[in-house]
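Enquirer: Dropping the sequence and predicted coords here.
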Amino acid sequence: MIWTFLILLFGLAGVLIGADIIVNAAIRVAKSLNMSQAFIGLTILSIGTSLPEIFTHIFSSIEVRKGVTEAAGLAVGTNIGSNIIQITLILGVIGLFSTLRSSHTTLKRDYIIMLVGIVLLWIVSFDGFIGKIEGGLLAILYIIYLVYLGRNEKIKEVNNYKTNYWWDGGLLIIGFSLLLFCATIVINKALLVADILGVTGTFVGTLIIGVATALPELTTAIVALLKKSADMSLGTLIGSNITNPMFALGIGAVISGYPVVKSIVWFDIPFWFLVSFMGLLFFWKKMELKHWEAGIMAACYFLFVGFQLWVFA
């Protein structure tokens, strides 16, 4: 049992390292093409930091097609758990130690789209199953959103920021290869841990794997904030909360379809929507998150965990 946990931790570490390699290389390329901070946060960083969730879904779906139905609960639980920790604990911790500001565009466009994405996920999950067509619809809507974002983005190479495209291209290949290898380890060992502990894959995904896969968003958001890139920091969290339910889960559902347990439909997703909407209200008046408001957001995560342990463990 100890070796199983150690190998699981090794796999998670590899997933995070692979995602970090990809994100850093992508940022250098994006900056050399003169992309805006908000655009980088909402697209490059949010997709890059969501790679652990994306690959978790892909390999979980492969296991589902092999007949391991418990892998579906692991994938969906990981996705929802990661989103909730990002919008509550990570947003709250960052807001407690710094002043997190937003813009009208970010709130009225991207934050609203994030809320719409949560509602769409709830609708397609309502009958207890996300089919391939529904997953494809979520993924297509996400791609349309990306196209909309990039429509007004002026991309051109600038002279004051150079990067070696061949080097960064090689790093991207290395990062993706590491993700591929380690994601298979995470899925297999997480399912074994669920079996050993006698809990569901959904529970392990929500409270264990979901926390680990949210670490890239935490570190990326903190680094962006330290570099006084508030738009990039908040954009990463919002963008990831759009990417995860629409693209990562959508792609996974296209591969195998996902059964969704009632606790996800009637507690996790509604909770995620309510705390996200509360965050919107906090930001709305002065376009910033006050420290006491950040504290409430962080406290909501512990409320979520406590309820999960009390009712569903």
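Expert: Thanks, I have the structure now.
Enquirer: My reading is that Gly67 is in a helix; is that accurate?
Expert: No - counting by DSSP: H, G, I helix; E, B strand; the rest coil, Gly67 is located in no helix; its state is coil.
Enquirer: Next, find the distance separating it from Val147.
Expert: Here Gly67 is placed at a distance of 37 Å from Val147 (C-beta to C-beta, to the nearest Å). The way it works is simple: take the backbone N, C-alpha and C, and place the C-beta from them, glycine included.
Enquirer: Next: Ile264.
Expert: 30 Å.
Enquirer: Between the two, point out the one with more neighbours.
Expert: Ile264 (25 against 9; other C-beta atoms under 10 Å).
Enquirer: Got phi/psi on the more buried one?
Expert: phi -70, psi -50 (degrees, to the nearest 10).
Enquirer: for it, what are its contacts?
Expert: 76-77, 80, 125, 202 (C-beta atoms under 8 Å, 6 or more residues apart in numbering).
Enquirer: hmm, 7 Å instead?
Expert: Contacts for Ile264 (C-beta atoms under 7 Å, 6 or more residues apart in numbering) come out as 76, 80, 125, 202.
Enquirer: any idea how far Trp272 is from it?
Expert: 10 Å.
Enquirer: Ala71 now?
Expert: Here the criterion is C-beta to C-beta. By it, Ala71 lies 22 Å from Trp272.
Enquirer: between the two, which one's more packed in?
Expert: Counted by other C-beta under 10 Å, Ala71 and Trp272 do not tie: Ala71 has more neighbours, with 29 against 25.
Enquirer: Show me what secondary structure element comes after the helix or strand hosting the more buried one.
Expert: In this assignment (DSSP states H and E), Ala71 forms part of helix 70-85. Later in the chain than helix 70-85, the nearest helix or strand by DSSP H and E is helix 91-97.
Enquirer: helices or strands next to that following helix in the packing?
Expert: Secondary-structure packing of helix 91-97 (3 or more C-beta pairs under 7 Å, 6 or more residues apart in numbering; DSSP states H and E): helix 215-226, helix 291-311.
Enquirer: how about 10 Å then?
Expert: The contact analysis (3 or more C-beta pairs under 10 Å, 6 or more residues apart in numbering; DSSP states H and E) places helix 91-97 against strand 100-101, helix 215-226, helix 230-243, helix 269-284, strand 288-289, helix 291-311.
Enquirer: Deepest-packed of these, please.
Expert: Comparing the helices and strands packed on helix 91-97 by mean neighbour count (mean count of other C-beta atoms under 10 Å), helix 230-243 ranks first with a mean of 28.
Enquirer: before we move on, back to that, the contacts of Ile264: which two are farthest apart?
Expert: Greatest spacing in the contacts of Ile264, by C-beta to C-beta: Ser125 and Thr202 (12.2 Å).
Enquirer: what do these two both touch?
Expert: Here Ser125 and Thr202 have 76, 80, 259-261, 264, 268 as joint contacts, going by C-beta atoms under 10 Å, 6 or more residues apart in numbering.
Enquirer: mind giving me TSV with the residues you listed and columns for distance to His291?
Expert: Formatted as TSV, those follow (distance: C-beta to C-beta, whole Å):
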residue	distance to His291
Val76	34
Ile80	27
Pro259	41
Val260	36
Val261	36
Ile264	32
Asp268	27
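Enquirer: Which of these ranks first by neighbour count?
Expert: Going by other C-beta under 10 Å, Val76 tops these with 30 neighbours.
Enquirer: show me the contacts for it.
Expert: Contact analysis of Val76 by C-beta under 10 Å, 6+ apart lists 57, 60, 121, 125, 130, 201-202, 205-206, 245, 249, 252-253, 258-261, 264, 268-269.
Enquirer: Could you do Pro245 as well?
Expert: Pro245 neighbours (C-beta under 10 Å, 6+ apart): 53, 76, 79-80, 83, 114, 117-122, 124-125, 138, 142, 269, 272.
Enquirer: Can I have the buried ones of those residues as a ChimeraX selection?
Expert: Filtering those down to the buried ones (16 or more other C-beta atoms under 10 Å) takes a single ChimeraX command:
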select :53,76,79,80,83,114,117,118,120,121,122,124,125,138,142,269,272
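Enquirer: Tell me which residues touch Gly128, please.
Expert: Residues in contact with Gly128 (C-beta under 10 Å, 6+ apart) are 258-262, 264-265.
Enquirer: Lys262 too?
Expert: Each residue near Lys262 by C-beta under 10 Å, 6+ apart is listed here: 125, 128.
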